[in-house]
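Visitor: Okay, here's the prediction I keep looking at, along with the sequence it came from:
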Amino acid sequence: MADTSRVAAVLLDIDETLVDLEGAMHRALREVTAAYVDLDEAGWAAFCHTFTRGSDDIYDQYVAGEITFAEQRVLRAERCLANAGTAFVDQVAARAWLEAYETAQPRYVRAFDDVAPLLDTLEAAGIAYGAVSNNVHDYQRAKLDHAGLQRIKILVGIDAVGAAKPDPAIFHEGLRLVGSSPEQTVYVGDNPHHDVLGAEAAGLRGVWLNRLGRSLPEDLAPLVREQIPSLTELPALIGLDSRPAADGVGDLAGGRVFQ
């Protein structure tokens, strides 16, 4: 276990850590896609799940620079529609859907309720903080601002160093901006591979934010040494207060969420 008395900075993931992106996406998807497909509640649940958690291969193409951000969104929508037995009639319809979705989604973006109290605690303790994200800076800056998180001034996107998590370079840029060393910095995120193991490979202390009580595969579970169910538990984990924090790894399965 790291020496909690030496924590000087906290870096955080954004999507599903600071911001309820999945909830925003689900609401926006239903709003703008109802004209293209007729689904019952179970159908919408499957549609949204495929878009947010069943499209990692498409999103990885974007992160690798093989397709644009807009293209990955359309490709994921096309996959969802195909699973529902339909499709956009043409590329004009696909572009119209994309424009509607890009307008709708920001309206639904919200910060999780545990974010502001955590930032208050970090500020009171003199702990520097910032965000490191697997998306481009300007898009994530706008998202934080929509969510009322303008106070997060330090933000590193994949365009800052030409690398994405779990590459150590993107974590090291976050360290440079907060002015902290790896061994004095905690990184918190919802993705055990990119956030926790990536941070630890870069020398930081990785903490898994497991909001939904998900499990890990047997080979990964021993590698994720610390987890919390809420950001409310982080101050205790890093020695800032006396409330009990959750350690160890749960037994429910997880997944990634894509923009």
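Guide: That came through fine. Residues are numbered from 1 along each chain as shown.
Visitor: So which bits of stretch 21-39 are buried?
Guide: Within stretch 21-39, the residues that qualify as buried are 21-29, 31-33, 36-37, 39, counting by 16 or more other Cβ atoms under 10 Å. All C-beta spots, glycine's among them, are computed from the backbone N, C-alpha and C.
Visitor: quick one, strands of the stretch 151-259 of the chain?
Guide: For the stretch 151-259 of the chain, the strands defined by DSSP state E, counting those that start in this stretch occupy 155-156, 185-189, 205-209, 227-228.
Visitor: starting at the chain centroid, how far to the last one?
Guide: Centroid separation for strand 227-228 versus its chain: 15 Å, with Cα atoms, centre = their mean, to the nearest Å.
Visitor: Repeat that for the third one.
Guide: From the chain centre to the centre of strand 205-209 is a distance of 13 Å (Cα atoms, centre = their mean).
Visitor: in its sheet, what does that strand sit against?
Guide: Take DSSP bridges as the rule and strand 205-209 pairs in its sheet with strand 185-189 (parallel), strand 227-228 (parallel).
Visitor: Not counting it itself, show me its contacts.
Guide: Outside strand 205-209, the residues within contact range by Cβ atoms under 8 Å, 6 or more residues apart in numbering are 2, 7, 13, 16-17, 183, 185-190, 192, 195-200, 224-231, 234, 237, 249.
Visitor: Including mean neighbour count and mean pLDDT, could the strands paired with strand 205-209 go into CSV?
Guide: Putting the strands paired with strand 205-209 into CSV (neighbours: other Cβ atoms under 10 Å; pLDDT from 0 to 100) gives the following:
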stretch, mean neighbour count, mean pLDDT
strand 185-189, 27, 98
strand 227-228, 22, 98
